[in-house]
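> Pasted the sequence and its predicted model underneath.
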Amino acid sequence: MHGLWILLALSLSGVHSQFPRGCTTNEALQKKTCCSEWTDGTPCGSGSGRGKCRPSVVPVISVLNESLLYDDRLNWPHHYYDRTCECFGNYSGFNCGYCKYGYYGDKCDQKKTLVRKEIRELTLVERKRIFSYLALAKTTKSKDFVVLTTGDRHNRDTYTFVDASVYDVFSWIHYYSMKPIMKKSVFIDSKNYAHQGPAFLGWHRLGLLFLEREIQLMTGDEDFALPYYDWRGEKNCSICTNDFLGDNDAQGNLSPYSHFSYWKVICSGYDCPDVYCRNHEEHTMEKLLRKPGSDPLNSRFPSFQDVEDTLKWGDFDTPPYNETSRKSFRNSLEGYLRPSDGETLELSMHNLVHMYLGGTMAQVPISTNDPMFLLHHNFIDKILEIWINKYNGTPELYPENREPGQGPYECTTPYFPCYQNKDLLQTSRHFGYTFSKYQEFGPGDSDEGIVTAATTYIPDQPQTSDPSLEPSSGLRNP
Ligand SMILES: [Cu+2]
């Protein structure tokens, strides 16, 4: 089997992916080795004691009939690489040139806890800074990563790869993880690596951490924290105004006076079986669309009670660990379950918000293209955090299961370096952030005892740029 893989790898030329740029050279691909050099000129910064190049330990996966699955993402990242960087201490990243989430400094020995705030709590200055950072992320070429655009997955020689912006790399990662899993020549539409299973919450937690860190690195602002949107009980999308995420017309076009009206969508046409990411060229890309409240079947946001009901399910997830799981916190929060009874399968919570917002957000694989995704998922992450605090969530609570890529010891697909799915199930402080208090939340609200600069936003009141509300004041060193 391994001989075949090496032959396959040898037949490749110029293959890249979202993978680190340095791991996409012919040599790296032929050797199935992703051990990029750090600035000291040694792979994984080994000469400076940051890490070393080692066979990647990928555990035996637990899926049913693995041999029937034909998928490049299975057993991530083994299809591409047998050797990756293992970083020591607080060093991290594909070449050990970065720090673990929550750590900063040349030696990665400074710990910080950022406070993620509700977007309506931010001052005008803070908000404008975030919008300008996002604009920069959308237009700045990623120096570390390239993305895969087209290619028949049966034939790796057909792959083509392009540069992408920092933001578009993030969109691509979500899209790539969500492409349906292939079994022989049939796609199993209900299965992917990021949703409909226990990995859903951790996968999205890691995605937000990834983009947040990329923006910190791009801007040099280590205090940048993603905002969230607490949509509980909203009668309409109150942040869909030009001061916030943007107004839209009846067709879903964003107002020309809004921050994101020029944004275009990568990877549309997501249901095409042999194309990874279509429409990456400027002239073929569609603009972002948003139509909040226009879908009569999904015409409301989840209520305060829906969130309270979701938090009453003390089992993180339940068999069969997919979109039919009953009395499961994960499945209720993901939104395949009625939160109140934990039995009725219906669209709710996370899924309902995607559908309510409509347009690009309603096409879940490409929904990352709309920055609304960040705010929505950051709030989902806050709910996860409240659950973790309430039930003492630890990696041990992450269940064994048979969903491809979603086993506890499998690497969250397709991130570098490897994060085992189970390890995302621990308090956000471990990853260097927490959440502001905003509106009422039950016990477990995560910022108890933290000094934050957050104020409650009062609509229609002019916001001042009080320097005490700058992001740095929300930091604390535990
Ligand atoms: Cu998603």
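Happy to help now that I have it.
> From now on I want contacts and neighbour counts done on CA atoms only, so please keep to that.
OK.
> Let me know how buried residue 305 is, in neighbour terms.
For residue 305, the tally of surrounding residues (other CA atoms under 10 Å) stands at 13.
> should've said residue 339
As a burial measure, residue 339 scores 31 neighbours (other CA under 10 Å).
> ok, it to residue 311 distance?
Plainly put, residue 339 is 9 Å away from residue 311 if you go by CA to CA, to the nearest Å.
> next one: residue 227
Computed with CA to CA, the distance linking residue 227 and residue 311 is 22 Å.
> pLDDT score assigned to the residue sitting nearest the centre point of the chain?
For the chain, the residue lying nearest the average C-alpha position, counting by CA atoms, centre = their mean, turns out to be residue 207 (2.2 Å). pLDDT for residue 207: 97.
> Look up how far residue 111 lies from it.
Applying CA to CA to residue 207 and residue 111 gives a distance of 20 Å.
> Residue 231 too?
31 Å.
> just residue 264 next, same as before
Taking CA to CA as the measure, residue 264 falls 36 Å from residue 111.
> What of residue 288?
When distance is defined by CA to CA, residue 288 is 37 Å away from residue 111.
> out of those two, which sits in the more crowded spot?
When residue 288 and residue 111 are compared on other CA under 10 Å, the one with more neighbours turns out to be residue 288, at 22 against 19.
> In space, what's closest to that one - neighbours in sequence excluded?
Excluding the flanking residues, the one nearest residue 288 by CA to CA, 6 or more residues apart in numbering is residue 264, at 5.6 Å.
> Read off the pLDDT value for the one you found.
In this model, residue 264 is scored at 94, pLDDT.
> doesn't residue 289 make contact with it?
No - the pair formed by residue 264 and residue 289 falls short of the contact definition of CA atoms under 8 Å, at 9.3 Å.
> Can you give me the buried ones in the longest strand anywhere in the chain?
Taking DSSP state E as the criterion, the chain has its longest strand at strand 141-150. Burial within strand 141-150, assessed by neighbour count using 16 or more other CA atoms under 10 Å, is assigned to 141, 142, 144, 145, 146, 147, 148, 149, 150.
> same question, stretch 105-117
With burial defined by 16+ other CA under 10 Å, the residues of stretch 105-117 counted as buried are 108, 111, 112, 113, 114, 115, 116, 117.
> Can you name the residues that contact the closest residue to the second one other than its chain neighbours?
For residue 111, ignoring the flanking residues on the chain, the nearest one in space by CA to CA, 6+ apart is residue 103 at 4.6 Å. The contact partners of residue 103, taken as CA atoms under 8 Å, 6 or more residues apart in numbering, are 90, 109, 110, 111, 112, 432.
> Give me the phi and psi angles of residue 103.
The main-chain torsion angles of residue 103 are listed as degrees, to the nearest 10 and equal phi -120, psi 150.
> Can you measure across stretch 281-288, start residue to end residue?
For stretch 281-288, the separation between the terminal residues is 15 Å (CA to CA).
> which residues sit against it?
So stretch 281-288 is in contact with 253-254, 260-266, 268, 279, 359-360, 369-370, going by CA under 8 Å, 6+ apart.
> Which ones among these map onto strands?
In strands, defined here by DSSP E, the members of these are 264, 265.
> Just the helices from the stretch 301-450 of the chain, written as ranges.
304-310, 329-334, 349-357, 372-391 (DSSP state H, counting those that start in this stretch).
> And for the shortest one, what's in contact with it?
Think helix 329-334. Residues from elsewhere that reach helix 329-334, judged by CA under 8 Å, 6+ apart: 196-198, 200-201, 310-317, 322-325, 337-339, 342, 348-351, 380.
> got the buried residues for it?
329, 330, 331, 332, 333, 334.
> Tell me which of residue 264 and residue 289 has more neighbours.
Using other CA under 10 Å as the criterion, residue 264 and residue 289 rank with residue 289 on top: 24 against 21.
> Bridged to the more buried one, which residues?
Partner residues in beta bridges with residue 289, using DSSP bridges, are residue 253.
> mind checking how far it is from residue 283?
Applying CA to CA to residue 289 and residue 283 gives a distance of 17 Å.
> How many residues are close by the residue nearest to residue 394 when sequence neighbours are not counted?
Nearest non-adjacent residue to residue 394, counting by CA to CA, 6+ apart: residue 426, 4.9 Å away. Other residues lying near residue 426 total 20 when counted by other CA under 10 Å.
> same thing with residue 405?
Taking other CA under 10 Å as the neighbour definition, residue 405 ends up with a count of 30.
> Name the nearest residue to it, ignoring sequence neighbours.
Spatial nearest neighbour of residue 405, chain neighbours left out: residue 193 (5.5 Å); criterion: CA to CA, 6+ apart.
> Next, find the distance separating that neighbour from residue 354.
Between residue 193 and residue 354 the computed distance is 19 Å (CA to CA).
> In terms of neighbours, single out the busier of the two.
Residue environment comparison for residue 193 versus residue 354 gives the larger neighbour count to residue 193, 26 against 23, counting by other CA under 10 Å.
> Please verify my assumption that that one contacts residue 402.
No - with contact defined as CA under 8 Å, residue 193 does not count as touching residue 402 (11.8 Å).
> same for the particular helix or strand that has residue 187 in it, what does it pack against?
Per DSSP states H and E: residue 187 is located in strand 186-188. Contacts of strand 186-188 with other secondary structure elements, assessed using 3 or more CA pairs under 8 Å, 6 or more residues apart in numbering; DSSP states H and E, are made with strand 181-183.
> From the chain's centre, how far out is the strand it packs on? Work that out for me.
In terms of CA atoms, centre = their mean, to the nearest Å, the centre of strand 181-183 is set 22 Å apart from its chain centre.
> Tell me the buried residues in it?
Of the residues in strand 181-183, those scored as buried under the neighbour-count criterion (16+ other CA under 10 Å) are 181, 182.
> helices and strands around it, which ones?
For strand 181-183, the contact count by 3+ CA pairs under 8 Å, 6+ apart identifies strand 186-188 as packing neighbours.
> The strand it packs on pairs with which strands, and in what direction?
Strand pairing for strand 186-188, using DSSP bridges, gives strand 181-183 (antiparallel).
> Straight-line length of stretch 364-381, end to end?
End-to-end distance of stretch 364-381 (CA to CA): 17 Å.
> Do I have it right that residue 81 meets residue 34?
Yes - using CA under 8 Å, residue 81 and residue 34 qualify as a contacting pair, with a distance of 6.2 Å.
> more neighbours, those two?
When residue 81 is set against residue 34 and neighbours are counted by other CA under 10 Å, the residue ahead is residue 34, at 32 against 20.
> I figured the more buried one hits residue 26, correct?
No - shown here, residue 34 and residue 26 do not form a contact pair, counting by CA under 8 Å, at 11.3 Å.
> Report the contact partners of residue 319.
So, once contact is read as CA under 8 Å, 6+ apart, residue 319 ends up touching 325, 326, 401.
> Could you point out which of these is nearest to residue 173?
Within the contacts of residue 319, proximity to residue 173 (CA to CA) peaks at residue 401, which comes in at 23.1 Å.
> Not counting its neighbours along the chain, what's nearest the closest one?
Residue 401 sits nearest to residue 407 (CA to CA, 6+ apart), 5.7 Å away.
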